[in-house]
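> give the three-dimensional model of this entry:
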Amino acid sequence: MYGGNKRLLVVGDRVLVEPDCGEERTQAGLILPVGAVEKQPVQAGKIVATGPGTPVPDSSPSEEEPWKEIVSEPRFVPMQARAGDYAIFFRKAAVEIQYEGSDYLIVPQSALLVLIRDQEEEGF
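This next block holds a predicted model:
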């Protein structure tokens, strides 16, 4: 995400979610106010950005040639979630932030329950 000369980077195994806001309609057609929706154990929203994933330690042997300079690139277990996915996640695990006037939630990948993705993106 960009804002002027600033760039918002999501770190580690977290995702940045634009939460669904407002009233919600039940299956019976009742409209729940925002306060009641906020008390639900799960919430949903669109993933705006993801972190690189869970860092993995370097496992390359360095004792073989101790005179060589060790240059290692950071490695990560990739994220299953992608920007554009619709996610359902545990509300209690989310951290609310405000960035340039918009509300977002930072959610760890372990709190994601379901991802909804367009089938065209998956090649089905």
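
> in this protein, which strand is the longest?
strand 42-50 (DSSP state E).

> now that strand, how far from the centre of its chain.
6 Å (C-alpha atoms, centre = their mean, to the nearest Å).

> for the residue nearest the centre of the chain, give me its contacts.
When C-alpha atoms, centre = their mean is applied to the chain, the residue found nearest the centroid is Val15 (1.4 Å). Val15 makes contacts with 47, 49-51, 79, 81, 87, 106-109, 112, as judged by C-beta atoms under 8 Å, 6 or more residues apart in numbering. Every residue, glycine included, has its C-beta placed from N, CA and C.

> dump those to a markdown table, plus distance to Gln119, pLDDT and neighbour count.
Below are these laid out as a markdown table (distance: C-beta to C-beta, whole Å; pLDDT from 0 to 100; neighbours: other C-beta atoms under 10 Å):
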| residue | distance to Gln119 | pLDDT | neighbour count |
| --- | --- | --- | --- |
| Ile47 | 17 | 96 | 23 |
| Ala49 | 22 | 96 | 18 |
| Thr50 | 20 | 96 | 21 |
| Gly51 | 25 | 94 | 20 |
| Met79 | 20 | 93 | 20 |
| Ala81 | 16 | 95 | 23 |
| Ala87 | 17 | 93 | 23 |
| Ile106 | 28 | 97 | 17 |
| Val107 | 24 | 97 | 26 |
| Pro108 | 26 | 96 | 17 |
| Gln109 | 22 | 94 | 19 |
| Leu112 | 19 | 95 | 21 |
